[in-house]
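Visitor: Quick one, fold the following:
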Amino acid sequence: MSASFRKALKSRQKNHRERSQPGFRKNLGLLEKKKDYKLRAEDYRKKKKTLDALRKKALEKNPDEFYFKMTSTKLQDGVHVIKQKPEEVTDEQLKIMRTQDIKYVEMKRVAEAKKIERLKSELHLLDVEGKPKNKHTFFCDTKREVRNFDLSERLNTVPELVDRVYNRPTLETLHNQTIKGPTKMKELKKLAKQRRQQYEILNQRIERERKMFVITQKIQARKDLQDKRKKVKVKKETVNSAAVYKFKKQRKR
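Guide: Down below sits the predicted model:
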């Protein structure tokens with residue numbers, strides 16, 4: 001083997017490495033090697049290519065262009081966000097409609113309606129705080145009578161019971177009969193609290209009955225849609241109401 005060929009062998013050649021940062025230049029940071037430059041150059045070319053493509057797209061854009069996603073998206077902080085559609089069916093409604101029959105839901109709704117009527121008859125729809133919702137107007141004949149008007153005297157009761165709209169006995173009843181019931185302030189507060197709880201239960205039952213009614217309507221609407229007749233949607237379905245359809249009239253023989 002000749003000496004020139006031996007010198008050309010790669011196995012005998014020394015690996016020439018890039019030098020590191022000299023000690024007196026360490027304050028300038030890490031010395032960039034070729035592999036670092038390649039990564040930086042590749043990233044630069046990629047970004048430049050993207051910017052050129054976006055610039056070309058912006059120049060060629062038609063201002064009268066329309067696409068359907070424009071109606072379902074909005075620009076928020078410079079980002080296109082899909083508009084959230086209003087909720088049509090809640091998870092609770094969907095679960096009941098999939099697992100229960102319309103007869104069962106209607107039975108539960110009727111039971112709630114009966115309980116509501118019973119509670120209303122017991123409470124007589126009195127105000128929780130004992131204050132009247134409507135106004136009671138008194139008419140006087142003279143101005144002097146207006147100046148000297150006494151509400152407790154007109155209602156024929158004691159001044160302490162004037163603000164009450166229920167259980168307001170007259171002076172004759174107080175003198176002639178023994179009034180049964182709480183006389184202490186603590187007992188009165190206890191009764192007021194119980195009355196307030198009863199009104200809360202009544203409101204909950206009314207809301208439950210309304211939800212059952214909505215579910216019944218939605219189940220019935222889905223059953224009606226199974227008919228093969230032509231129909232047109234008049235009103236969209238919402239959380240609080242079923243969809244309304246208008247069916248084509250069909251003459252039956």
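Visitor: pLDDT weak spots in the stretch 51-200 of the chain?
Guide: The stretch 51-200 of the chain contains residues with pLDDT under 70 at 124-134, 164-167, 177-185, 188.
Visitor: Strands of that one, start to end?
Guide: 73-76, 79-82 (DSSP state E, counting those that start in this stretch).
Visitor: In terms of secondary structure, what does the last one contact?
Guide: For strand 79-82, the packing partners by 3 or more C-beta pairs under 8 Å, 6 or more residues apart in numbering; DSSP states H and E come out as strand 73-76. Every C-beta, even on glycine, is put in place using the N, C-alpha and C of the backbone.
Visitor: which outside residues touch the strand it packs on?
Guide: The contact list for strand 73-76, computed with C-beta atoms under 8 Å, 6 or more residues apart in numbering, reads 80-83.
Visitor: Turn those residues into JSON lines, columns for distance to Lys190 and neighbour count.
Guide: JSON lines is the format used below for the contacts of strand 73-76 (distance: C-beta to C-beta, whole Å; neighbours: other C-beta atoms under 10 Å):
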{"residue": "His80", "distance to Lys190": "60", "neighbour count": "10"}
{"residue": "Val81", "distance to Lys190": "54", "neighbour count": "10"}
{"residue": "Ile82", "distance to Lys190": "54", "neighbour count": "9"}
{"residue": "Lys83", "distance to Lys190": "52", "neighbour count": "10"}
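Visitor: before we move on, back to that, would you turn the strands of the stretch 51-200 of the chain into CSV with distance to Gln198?
Guide: Formatted as CSV, the strands of the stretch 51-200 of the chain follow (distance: least, C-beta to C-beta, whole Å):
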stretch, distance to Gln198
strand 73-76, 47
strand 79-82, 46
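Visitor: Assign Gln13 to helix, strand or coil.
Guide: coil (DSSP: H, G, I helix; E, B strand; the rest coil).
Visitor: Let me know the pLDDT of it.
Guide: With respect to pLDDT, Gln13 has a value of 70.
Visitor: do the one 4 residues further on as well
Guide: Reading off the confidence values, Arg17 has pLDDT 78.
Visitor: Could you point out the longest helix of the protein?
Guide: For the chain, the helix with the greatest residue count under DSSP state H is helix 185-225.
Visitor: For it, enumerate the helices and strands it packs against.
Guide: With contacts taken as 3+ C-beta pairs under 8 Å, 6+ apart, helix 185-225 sits against helix 91-99, helix 102-123, strand 244-247.
Visitor: Phi and psi next, for the spatially most central residue of the chain.
Guide: A centroid search over the chain (C-alpha atoms, centre = their mean) returns Glu87, at 8.7 Å, as the residue closest to the centre. Dihedral angles of Glu87 (phi, psi; degrees, to the nearest 10) stand at phi -70, psi 130.
Visitor: nearest spatial neighbour of it, skipping sequence neighbours?
Guide: Leaving aside its chain neighbours, Glu87 sits nearest to Val239 (5.6 Å; criterion: C-beta to C-beta, 6 or more residues apart in numbering).
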